[in-house]
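[1] predicted structure and sequence below. I'll ask about it afterward.
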Amino acid sequence: MPSSSSQINFRKRLQNAVLHLEAVLDRPFGPEWNPLRQMGTLSFFYYWIVAASGIYVYILFDTSVGGAYQSVEVMTHQQWYLGGIVRSLHRYASDAMIVTMVFHLSREFIMDRYRDVRWFTWFTGVPIIWMLFISGISGYWLVWDMLAQYIAIGSMEWIDWLGIFGEPVANNFLTPGSLTDRFFTLLVFMHIFGPLFLLFVMWIHVMRVSQPKINPPRGLAIGSLVMFVVLALAKPAVSHAPADLSMVPSELNMDWFYMFLYPVFDTWGAGTLWALAIGISLILAAMPWMPPLKRPKPAVVYLEKCNGCTRCFVDCPFGAVSMVPRTDGRPFEREAVVAADLCTSCGICVGSCPVSTPFRRTEELVTGIDLPDLNLKRLREKPVKAVERIATTAEERPGVMVFGCEYGADTNTVEKPGVAGLSMPCIGMLPPSFMDFTLSQDGVDGVLITGCQSCDCFNRLGNRWTEERIAGVRDPYLRKRVERERIKVFWASRIQEQSLSDQIDAFRKTLGTLAESKGDAP
Amino acid sequence: MNEFLGIDPSIPIFHLVPFIVFSPIFFLVLYHLGLKEIINPSPEVREQKRLLKEEQARETDERHAKIKASGLKMKVAKKTPLQLLGQAVFFALFGLFVIYFSSSPVYVAHPPEQARVMLSFTHAGQHREECKKRSREELAKLAANMRAPMNCSRERWPLVIDLALDGKKVYQGVAIPAGLSRDGHSSFYQKFPIDAGTHRIKVGMWDSGEGASQDEYDFVLEHSIDIRPREILVIGFDNASGQFTLE
């Protein structure tokens, strides 16, 4: 359909834009530290900065209406070297958290990592947006300056529009004497419970993620912290004039990260803003099903080959495999079971199964856990056929077999005489024994493993597991007998096909030199 | 001040009522979304978590042992000075973005030369029907515990208000009584920008419905005011004295 294909093309263009931007930042940071791939972990880190600085600010804070402003002024000016810096850290880290959250959300949408089994993580991200705004805005109230007065009254008027209170809550801010310490204390509590609840929702957000990554690389954490301290020294966070309920707040230095909706409220009114806020939230929440992702059939366990070793259970990036007591009477304690609604059909479990070896010829090739749409038998046929393509052009040796994934650089584009490519749902699906098997075929001198860029595996952990299996530190290991010089790993995104092609050429040269040094004709 | 069950409704506990009502609903939604797996996991889920933790720990130990035995070292690519410079540029740009939008550009929420008049108060309109004395026959038809001698309707009239500045009507509004039976208070909360200076203000209100069609207000205030730029004048209503107030 034209509309869906144009939609796909539009998303692909966006994806390519993100990949290009990431490639730029790969240069100074390297793939592992690239901040664009660490927006979620940075959000967590900034939360901790805000929480820690908030505790210190709260110690110095006076929770009464009359004393709040003065206490903030004292910490900002009289104790600028500590209280002032900590207050600025509190503000700037909160602002940066909005930036990282928006980038994180946008990236997951653009890269199509929010549908199907990922719906829960996406869906629980929506209350995070609300809680982050509630936490940030309620914090600004407590300074009790003219900006606080403006946003506190605006917030209350916005809530009053719902008509759930007998008397407008905004009446608490009507005249200088109408705001009581008790009501102000309620605002303080909102700013304490809001962030606590935010943390709770953030926890739920990553709860279903197997082995979630919530801490950024140390380099990024240090860099961020240094940045915040420099900002705090260069431009300390300061207050406006003290709140005065007999005067209208006029010219305000707004924090646009949190307060961009207030001008919308002033212009369009509370009803429109409610419609926008609820409408956008509902659309965001429903996006995983607009439309739902169609994926191949989920993995299936073949009990006759499963010995309950737990490899697939540990390696599954989506927690789709669980171990239950044995049901077939065989002398093993447990067996693997796949939860179809959590399985993305990435095949990482196939790659982790020690039975997934292509060397067996005497029996039908069946493994302990397999993908119905691309089972091990068919998977073995693919490199064999690909090798035939290399063999027909034998004069072009050394021959290289390239294993890649559906989301990284396209392996078809690098095919040429002497080079064959094979793509699979995720590179983590490739059992190490397949590398050994492929190298044992005539005409193949080397195996090049590629896939999504490092730290950006579409299926989260595929390239990490593959690297560890090749290094011989993760079961199933690549056998020691396999010459490591004949295997090369190069992670390349879809826009890095030329780099992949260059790497293949360089690898072939190395293989040729290797063969010459051994005195073998390739 | 009107009271509910002897409690002043302006105290904060009343503002917690929506939280008390909506929190259980919100909690139930979260509970079914996955909270139950944290708070009250089934024995199967608990066993899966225990096993996964155990197996991951075993796998990690094995991996570390392998790394140690093979003499492999975790690759931490050292950054070149040019890379470090690039990182500094990134953080500088990010920091500039954060620092700029955290307080700029300036937003003019209210023209500095103008003042503001606010109309804000809560008042209960008159009952729509007068109390009637029940006859003996009517009382006899009622349950014993319901035999109140007077039959009073609960529904109240909405409030109708007019506001005029310098003889020109700037607002006419109606406030419906709160409650499903329309038996609660009616509230106004309106803001009007006004040029600073001297003005003649007139506010009138009907709370008895019948009078809304007549020229004579049930309550009225006419006053001259002198208002400065950005100053707020609040028009309220004192229910005890039955008079409008200016603050």
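    Now that the structure is in, tell me what you want to look at.

[2] gap between the residue in the stretch 401-522 of chain A positioned nearest to chain B and B:D61?
    Taking C-beta to the nearest C-beta, chain B has its nearest neighbour within the stretch 401-522 of chain A at A:V473, 4.2 Å off. Just so you know, the C-beta spots here come from the backbone N, C-alpha and C atoms, and that holds for glycine as well. Distance, A:V473 to B:D61, using C-beta to C-beta, to the nearest Å: 11 Å.

[3] repeat that for A:R311.
    A:R311 is 15 Å from B:D61, by C-beta to C-beta.

[4] in which helix or strand does the residue in chain B positioned nearest to chain A reside?
    Residue nearest to chain A within chain B: B:G86 (2.6 Å; C-beta to the nearest C-beta). Assigned by DSSP states H and E, B:G86 falls within helix B:81-101.

[5] may I have that helix as PDB, with CA atoms only?
    Written as PDB, here are the backbone C-alpha positions of helix B:81-101 (Å, rounded to 0.1, in the frame of the first residue of the first chain):
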ATOM      1  CA  PRO B  81      43.400  14.100  22.800                       C
ATOM      2  CA  LEU B  82      41.400  14.900  19.600                       C
ATOM      3  CA  GLN B  83      38.600  12.600  20.800                       C
ATOM      4  CA  LEU B  84      38.700  14.200  24.300                       C
ATOM      5  CA  LEU B  85      38.400  17.600  22.600                       C
ATOM      6  CA  GLY B  86      35.500  16.300  20.600                       C
ATOM      7  CA  GLN B  87      33.800  15.200  23.800                       C
ATOM      8  CA  ALA B  88      34.400  18.500  25.400                       C
ATOM      9  CA  VAL B  89      32.800  20.200  22.400                       C
ATOM     10  CA  PHE B  90      29.800  18.000  22.700                       C
ATOM     11  CA  PHE B  91      29.300  18.600  26.400                       C
ATOM     12  CA  ALA B  92      29.800  22.400  25.800                       C
ATOM     13  CA  LEU B  93      27.100  22.500  23.200                       C
ATOM     14  CA  PHE B  94      24.800  20.300  25.400                       C
ATOM     15  CA  GLY B  95      25.500  22.600  28.400                       C
ATOM     16  CA  LEU B  96      24.900  25.700  26.400                       C
ATOM     17  CA  PHE B  97      21.500  24.300  25.200                       C
ATOM     18  CA  VAL B  98      20.500  23.500  28.800                       C
ATOM     19  CA  ILE B  99      21.700  26.700  30.300                       C
ATOM     20  CA  TYR B 100      20.000  28.900  27.600                       C
ATOM     21  CA  PHE B 101      16.600  27.300  27.700                       C
END
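
[6] other SSEs contacting that helix?
    helix A:2-29, helix A:85-110, helix A:218-234, helix A:256-259 (3 or more C-beta pairs under 8 Å, 6 or more residues apart in numbering or on different chains; DSSP states H and E).

[7] and residue 235, what does it touch?
    All of this refers to chain A. Taking C-beta atoms under 8 Å, 6 or more residues apart in numbering or on different chains, we find A:K235 in contact with A:88, B:99.

[8] hmm, no, I was thinking of chain B.
    Residues in contact with B:I235 (C-beta under 8 Å, 6+ apart) are B:117-121, B:163, B:201, B:203, B:221, B:244-246.

[9] please, which helix or strand holds residue 191?
    In the absence of a named chain, this looks at chain A. helix A:181-207.

[10] meant chain B, my bad for not saying
    For B:K191, the host element (DSSP H and E) is strand B:186-195.

[11] find the closest residue to chain B in chain A.
    Closest point on chain A to chain B, by C-beta to the nearest C-beta, is A:P28, at 2.6 Å.

[12] what about that residue, how many neighbours?
    20 (other C-beta atoms under 10 Å in any protein chain shown).

[13] could you do the one 10 residues further on as well?
    Applying other C-beta under 10 Å, we find 25 other residues in the vicinity of A:Q38.

[14] the closest residue in space to it that isn't next to it in sequence and A:V24, how far apart?
    Distances taken as C-beta to C-beta, 6 or more residues apart in numbering or on different chains place A:P216 nearest to A:Q38, at 4.9 Å, with adjacent residues excluded. A:P216 is 19 Å from A:V24, where distance means C-beta to C-beta.

[15] specify which residue of the two has the higher count of neighbours.
    Shown here are A:P216 and A:V24; by other C-beta under 10 Å, A:P216 has more neighbours (23 against 13).

[16] identify the residues contacting the more buried one.
    Contact analysis of A:P216 by C-beta under 8 Å, 6+ apart lists A:38, A:41-42, A:44-45, A:224.

[17] so it: helix, strand or coil?
    Classification of A:P216 by DSSP: H, G, I helix; E, B strand; the rest coil places it in coil.

[18] does A:P35 really touch A:F45, like I thought?
    No. The pair A:P35 / A:F45 is not scored as a contact, 11.0 Å apart, by C-beta atoms under 8 Å.

[19] find the residues that touch each one of these two.
    Counting by C-beta under 8 Å, 6+ apart, the residues touching both A:P35 and A:F45 are A:L220.

[20] any low-confidence regions in chain B?
    Residues of chain B meeting the criterion pLDDT under 70: B:1-19, B:33-34, B:38, B:71-76, B:210-214.

[21] now stretch A:139-155: mean pLDDT?
    Throughout stretch A:139-155, pLDDT has a mean value of 96.

[22] wasn't the residue of the stretch 401-522 of chain A closest to chain B part of a strand?
    No. Using three-state DSSP, the assignment for A:V473 is coil, not a strand.

[23] OK, contacts around it?
    B:63, B:66-67, B:70, B:72.

[24] same thing but at 10 Å, please
    Going by C-beta atoms under 10 Å, 6 or more residues apart in numbering or on different chains, A:V473 touches A:467, B:59, B:62-70, B:72.

[25] and for A:A152?
    Contacts of A:A152 by C-beta under 10 Å, 6+ apart are A:137-138, A:140-142, A:144, A:169-170, A:172-173, A:179, A:184, A:187, A:243.

[26] so which of the residues you listed wins on neighbours?
    Counting neighbours by other C-beta under 10 Å, the top entry in the contacts of A:A152 is A:W144, with 27 neighbours.

[27] I'd like the distance between it and B:H32.
    Counting by C-beta to C-beta - A:W144 and B:H32 are separated by 39 Å.

[28] one more: B:I39?
    The gap separating B:I39 from B:H32 is 12 Å, by C-beta to C-beta.

[29] what about residue 232, how many neighbours?
    Using chain A here. 23.

[30] not quite, I wanted chain B
    20.

[31] any buried residues in the host helix or strand of it, and which?
    Using DSSP H and E, B:I232 sits in strand B:232-238. Buried positions in strand B:232-238, judged by neighbour count with 16 or more other C-beta atoms under 10 Å in any protein chain shown: B:232-237.

[32] from those, pick the one nearest A:S155.
    The nearest member of these to A:S155, counting by C-beta to C-beta, is B:I232 at 17.8 Å.

[33] hmm, B:Q114 and the closest one touching each other?
    No. If you go by C-beta atoms under 10 Å, B:I232 and B:Q114 don't touch, sitting 11.0 Å apart.

[34] interface residues of the stretch 251-400 of chain A facing chain B?
    Selection of the stretch 251-400 of chain A residues close to chain B by C-beta under 10 Å from any C-beta of the partner chain yields A:251-260, A:262-263, A:266, A:309-311, A:313-316, A:319, A:321-325, A:334.
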